[in-house]
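>>> Got a predicted structure plus its sequence, pasted below:
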Amino acid sequence: MRNILLLACLVIAFGLKAQENVLVDRVITKIGGKIILYSDIEEQFNYMRSQNPGLPEDARCYLLDQLLTQQLLVVQAELDSVIVSDEEVEAQLDARFNQILTMMGGDREQFKSYYGKSPEEMKNEQRANLTEQMTSQRMQTQIMGDINITPSEVKAFFKDIPQDSLPYFNAEVEVCEIVIFPEPNEKQKQIALEDLNDIRKRIVEGEDFGEMAKRYSEDRGSAVKGGELGPMARGTLVPEYEAAAYKLGNGEISQVIKSKFGYHLIQLNERRGNIIDTRHILIKPKITNEDLESSKGLLDSLRTEILNDSITFTYAVQKFSSEEVQSKGNAGCLVNAKSGDSYFETGDLSPEVYFAIDTMQIGDISAPFEYETPTGEKGYRIVKLRSQTQPHKANLKDDYSKIKNAALEQKKSVFLNEWVMERANKTFIYIGEPFSTCPNAEKWQSKQKSGLK
């Protein structure tokens with residue numbers, strides 16, 4: 001039940017290719033005035049099977065359970081006046097379809113060829129479904145918003161796990177960092193500005209924007225596409241870029257714009273409401289070896305001060321670490337994308353971090369070493385080994401946060417299940433063939449007050 005929204009969101013987020021065979025649709029369930037169609041089940045089943053060809057046929061029964069839960073939450077949301085605004089729905093639709101278009105290089109014809117419909121047509125089809133999904137999620141959040149868990153409940157949860165069922169955890173570490181990117185010197189800024197102004201002059205005099213982007217732009221992702229960024233919703237791009245782009249007319253070229261990434265030359269291809277389709281040329285001021293050495297020297301000094309207890313590592317993170325790195329908001333500690341927490345198996349660390357901490361003890365801080373972002377921006381970092389565990393069976397001392405999260409999720413799941421069954425007992429529910437024989441349909445059917453023929 002916790003995952004009812006996730007599955008549905010995946011279906012919308014990445015779309016379903018138009019069905020070659022038209023389904024003979026019919027109502028298979030009614031719940032509190034809401035209906036679920038045969039096509040609702042089949043579309044989600046076909047999507048899941050496209051991702052997992054071995055999916056068994058009876059997975060449809062599991063999908064029915066999810067959709068019944070979602071509809072029950074929507075019914076309750078209407079009773080409690082829990083509302084998702086049209087603006088919120090549109091923002092989600094824009095974000096999801098823009099993501100698909102971006103993956104297709106902004107090619108609307110490719111989108112239509114693949115899905116059989118334009119983005120606008122698919123948005124119109126998905127709007128009602130997405131509204132229900134967002135409403136059910138908001139209702140679920142409201143229902144479980146105040147659920148917390150106490151240390152005694154965590155201990156009781158752990159105690160109830162059979163010893164032979166305790167998970168085995170590999171060695172894990174927590175690593176924190178301070179990252180500093182050098183600021184380009186004024187001479188290099190001026191050179192970059194003059195270079196881009198010269199490129200602008202050549203384009204205005206007749207040279208092709210796309211060819212110039214391919215030749216000169218330092219945004220590697222868009223340069224190969226002639227600088228094309230594709231359709232983007234308001235709020236997606238950096239403020240300076242958007243402010244300039246929204247002032248342009250179709251085909252118009254901006255003056256040189258400065259952002260945290262460097263200097264941009266922007267051309268507006270098309271604007272549709274809060275969606276802009278632009279291309280750009282990016283020139284970054286060069287970072288010299290002297291600039292890099294300055295950052296390295298600052299980090300070396302910070303390391304010495306921390307080791308001498310003149311300042312704390314946390315203070316140094318807040319004061320000096322770059323806002324561009326995710327760790328800044330987590331007291332400098334790296335966040336594991338797989339788990340969402342700060343614990344890493346050593347094999348999941350990047351090679352440079354792994355080798356930096358390989359011989360370190362807990363509390364040690366590395367010497368400065370180079371850091372490079374996925375976009376090629378270079379800087380320096382120091383890392384601190386905050387904690388380290390050996391391979392072990394789960395225990396409260398080393399794994400309290402993991403066990404607490406598992407206990408809380410179980411508590412929420414039990415609470416939601418009880419809530420659903422309580423509301424189902426008070427709600428008219430009809431389940432038709434062939435789903436009335438699903439094993440998990442019994443809990444719904446047992447609550448039915450009457451049936452429909």
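Now that the structure is in, tell me what you want to look at.
>>> tell me which residues in the helix or strand where Tyr263 lies are buried?
Assessed by DSSP states H and E, Tyr263 sits inside strand 262-272. Neighbour counts over strand 262-272 (16 or more other C-beta atoms under 10 Å) mark 262-269, 271 as buried. Glycine gets a C-beta too; all of them are placed from N, C-alpha and C.
>>> So which elements touch that strand?
helix 186-204, helix 239-245, strand 257-259, strand 275-283 (3 or more C-beta pairs under 8 Å, 6 or more residues apart in numbering; DSSP states H and E).
>>> ok, and which of the ones you listed has the densest surroundings?
Ranked by mean neighbour count, the helices and strands packed on strand 262-272 are led by strand 275-283 with a mean of 24 (mean count of other C-beta atoms under 10 Å).
>>> Tell me the helices and strands packed up against it.
helix 186-204, helix 209-216, helix 220-223, strand 228-233, helix 239-245, strand 262-272.
>>> Quick one: mean pLDDT for the strand holding Tyr263?
Averaged over strand 262-272, pLDDT sits at 94.
>>> just to revisit the earlier point, in TSV: the buried residues of strand 262-272, plus distance to Leu299.
Shown next, in TSV, are the buried residues of strand 262-272 (distance: C-beta to C-beta, whole Å):
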residue	distance to Leu299
Gly262	23
Tyr263	27
His264	30
Leu265	34
Ile266	35
Gln267	40
Leu268	41
Asn269	42
Arg271	44
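>>> Go through the residues you listed and say which is closest to Cys333.
The nearest member of the buried residues of strand 262-272 to Cys333, counting by C-beta to C-beta, is Gly262 at 29.3 Å.
>>> is that closest one in a bridge, and if so with what?
Ser259 (DSSP bridges).
>>> quick one: it and Phe415, what's the gap?
As for Gly262, its distance to Phe415 is 51 Å (criterion: C-beta to C-beta, to the nearest Å).
>>> hang on, the earlier thing: for the strand holding Tyr263, give me every contacting residue.
192-193, 196, 199-200, 203, 209, 218, 227-228, 231, 240-241, 244-246, 248-254, 256-258, 276-285 (C-beta atoms under 8 Å, 6 or more residues apart in numbering).
>>> For the most centrally placed residue in the chain, give me its contacts.
What sits nearest the mean C-alpha location of the chain, by C-alpha atoms, centre = their mean, is Ala337, with 10.1 Å. Shown in contact with Ala337 (C-beta under 8 Å, 6+ apart): no residues.
>>> Over to Leu396?
Leu396 neighbours (C-beta under 8 Å, 6+ apart): 154-155, 158, 403.
>>> Check the gap between Pro439 and Pro56 for me.
For Pro439, the distance to Pro56 - C-beta to C-beta - is 13 Å.
>>> quick one: contacts for Asp348?
336, 338.
>>> Report all helices and strands that the host helix or strand of Leu130 contacts.
Leu130 belongs to helix 119-144 when assigned by DSSP H and E. Applying 3+ C-beta pairs under 8 Å, 6+ apart, we find helix 119-144 packed against helix 4-14, helix 59-79, helix 86-103, helix 108-115, helix 396-424.
>>> Give me the phi and psi angles of Tyr430.
Note on Tyr430: its backbone torsions stand at phi -120, psi 130 [degrees, to the nearest 10].
>>> shouldn't it be in contact with Thr29?
Yes: Tyr430 lies in contact with Thr29 (C-beta atoms under 8 Å); the separation is 6.3 Å.
>>> who's more crowded, these two?
For Tyr430 versus Thr29, the count of surrounding residues by other C-beta atoms under 10 Å is larger for Thr29: 23 against 18.
>>> now that one: how far from Val74?
Relative to Val74, and taking C-beta to C-beta, Thr29 is found at 13 Å.
>>> now swap in Lys296 and tell me
From Lys296 to Val74 the distance is 57 Å (C-beta to C-beta).
>>> if we can go back for a sec, between the helices and strands packed on strand 275-283, which one is nearest to Thr389?
Per C-beta to C-beta, nearest to Thr389 of the helices and strands packed on strand 275-283: helix 220-223, 38.3 Å.
>>> just checking, what packs against that closest one?
helix 209-216, strand 275-283.
>>> got the ones you listed as a markdown table, with mean pLDDT and distance to Thr131 columns?
What follows is those, written out as a markdown table (pLDDT from 0 to 100; distance: least, C-beta to C-beta, whole Å):
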| stretch | mean pLDDT | distance to Thr131 |
| --- | --- | --- |
| helix 209-216 | 95 | 39 |
| strand 275-283 | 94 | 20 |
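>>> Leu93 is nearest to which of these?
The nearest among the helices and strands packed on helix 220-223, by C-beta to C-beta, is strand 275-283 at 11.0 Å.
>>> CA-only coordinates of the closest one in PDB, if you can.
C-alpha atoms of strand 275-283 as PDB (Å, rounded to 0.1, in the frame of the first residue of the first chain):
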ATOM      1  CA  ILE A 275       7.300  26.500 -21.200                       C
ATOM      2  CA  ILE A 276      10.300  27.900 -23.100                       C
ATOM      3  CA  ASP A 277      12.300  26.200 -25.800                       C
ATOM      4  CA  THR A 278      15.800  27.700 -26.100                       C
ATOM      5  CA  ARG A 279      19.300  27.000 -27.300                       C
ATOM      6  CA  HIS A 280      22.400  28.500 -25.900                       C
ATOM      7  CA  ILE A 281      26.200  28.900 -26.200                       C
ATOM      8  CA  LEU A 282      28.100  28.700 -22.900                       C
ATOM      9  CA  ILE A 283      31.600  30.000 -22.400                       C
END
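>>> What pairs with that strand, parallel or antiparallel?
strand 228-233 (antiparallel), strand 262-272 (antiparallel).
>>> Make TSV out of the ones you listed and add distance to Ile362.
Output for the strands paired with strand 275-283, formatted as TSV (distance: least, C-beta to C-beta, whole Å):
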stretch	distance to Ile362
strand 228-233	44
strand 262-272	40
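>>> which one of those lies closest to Ser310?
That would be strand 262-272 among these, by C-beta to C-beta, at 35.3 Å.
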